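1. Next comes the sequence, and after it the predicted model I'd like to discuss.
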Amino acid sequence: MSNGDLLEVNGLSKSFMGLRAVHDLSFVVGQGRIVGLIGPNGAGKTTVFNLVTRVLRADNGSIRLAGEELTVLPPHEVNRRGIARTFQNIRLFPGLTVLENVLWTIGTRARYTLVQSMIGLPTVHAEERGMLEEACDLLNAAGLYDRRHDKARSLPYGDQRRLELVRALATRPRLLLLDEPTAGMNPTETSQFADHLLRLNSEGMTILLIEHDMRFVMGISNRIVVLNYGSKIAEGTPSEVQSNEAVISAYLGRPRNAGG
């Protein structure tokens, strides 16, 4: 792994009851880069995310974050090392406000105990003020500050997606995994979301994302990894991938020069 690589996946494999989901997959995600992981339905993309976050155990292979092996760690320790993710299906606390959703996540990093909170120590109050300020800053950057007191369930779909992203950012990740972040968004919401990700990236955030919207993923990614039936069939810049014969065949189900 070069000094500029944050995530290194090497020889990763996973099967379910003899069915190969991921096979001998290797790729890297450079520090400060946006990498798109694409492929037809069932290609193994979400399985890769589940392996990287240790929701699933790999059969073979290595996953390293900044040189540290992750395959020996439980999921919560992977998160503590600096990997956060969003999911295809939104996972918010719908009955809590927008602000409370973010504060709940930030609170998982709190250094004080329940007893200290009940006593009301000055250090606890100071930390709580800091957490509130951080939550408001994150919501402001995502354009959600004005809705901070609204219930999460009342938000439009695109704003719920952005709130889920804010909750992931509240863990202070080094690497952000996004699983189909624009699914269900309209074109305006998708464009706004792309702008937000590019701003995060310009501030140093490293992103690995799964996405079916090709215009979106090609427009923001520095590099693309393409899976088909669990194996990598192509890797390169967006322009290189778009002209790759194997990629065209996988997506269209036929060779590029075939008739019809």
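-> Received it, and whenever you're ready, just let me know what you need.
2. does residue 84 count as helix, strand or coil?
-> With DSSP: H, G, I helix; E, B strand; the rest coil as the basis, residue 84 sits in strand.
3. tell me the contacts of the most centrally placed residue in the chain?
-> With distances taken as C-alpha atoms, centre = their mean, residue 177 lies nearest the centre of the chain, 1.7 Å away. Residue 177 makes contact with 49, 52-53, 83-86, 207-209, according to C-beta atoms under 8 Å, 6 or more residues apart in numbering. To be clear about C-beta, it is placed using only N, CA and C from the backbone, and glycine gets the same treatment.
4. what do you get for residue 16?
-> Contact analysis of residue 16 by C-beta under 8 Å, 6+ apart lists nothing.
5. Same check on residue 166?
-> For residue 166, the residues meeting the contact criterion (C-beta under 8 Å, 6+ apart) are 102, 138-139, 142, 144.
6. Phi, psi for residue 245 please.
-> Note on residue 245: backbone dihedrals following degrees, to the nearest 10 are phi -60, psi -40.
7. tell me, how many neighbours does it end up with?
-> Around residue 245 there are 12 other residues, counting by other C-beta atoms under 10 Å.
8. Distance check, it against residue 209.
-> According to C-beta to C-beta, to the nearest Å, residue 245 stands 24 Å off from residue 209.
9. Same check on residue 190?
-> Look at residue 190 and residue 209: by C-beta to C-beta, they are 13 Å apart.
10. ok, those two, which is more surrounded?
-> residue 209 (25 against 21).
11. Buried residues, whichever strand or helix holds that one. List them.
-> Per DSSP states H and E: residue 209 is located in strand 206-210. Neighbour counts over strand 206-210 (16 or more other C-beta atoms under 10 Å) mark 206-210 as buried.
12. and the residue nearest to the centre of the chain, which of the three is it?
-> Using three-state DSSP as the criterion, the local structure at residue 177 reads strand.
13. follow-up on the earlier one: quick one, which of the contacts of residue 166 has the minimum pLDDT?
-> Of all those, residue 142 carries the smallest pLDDT score, 93.
14. give me every residue that touches that one.
-> Contacts of residue 142 (C-beta under 8 Å, 6+ apart): 162-163, 165-166, 196.
15. which residues of the stretch 151-260 of the chain fall in strands?
-> Assigned by DSSP state E, counting those that start in this stretch, the strands in the stretch 151-260 of the chain fall at 175-179, 206-210, 223-228, 231-236.
16. Strand 223-228 and the last one, what's the angle between them?
-> It refers to strand 231-236. Orientation check (axes from the mean of the first three to the mean of the last three C-alpha atoms, to 10 degrees): strand 231-236 against strand 223-228 gives 160 degrees.
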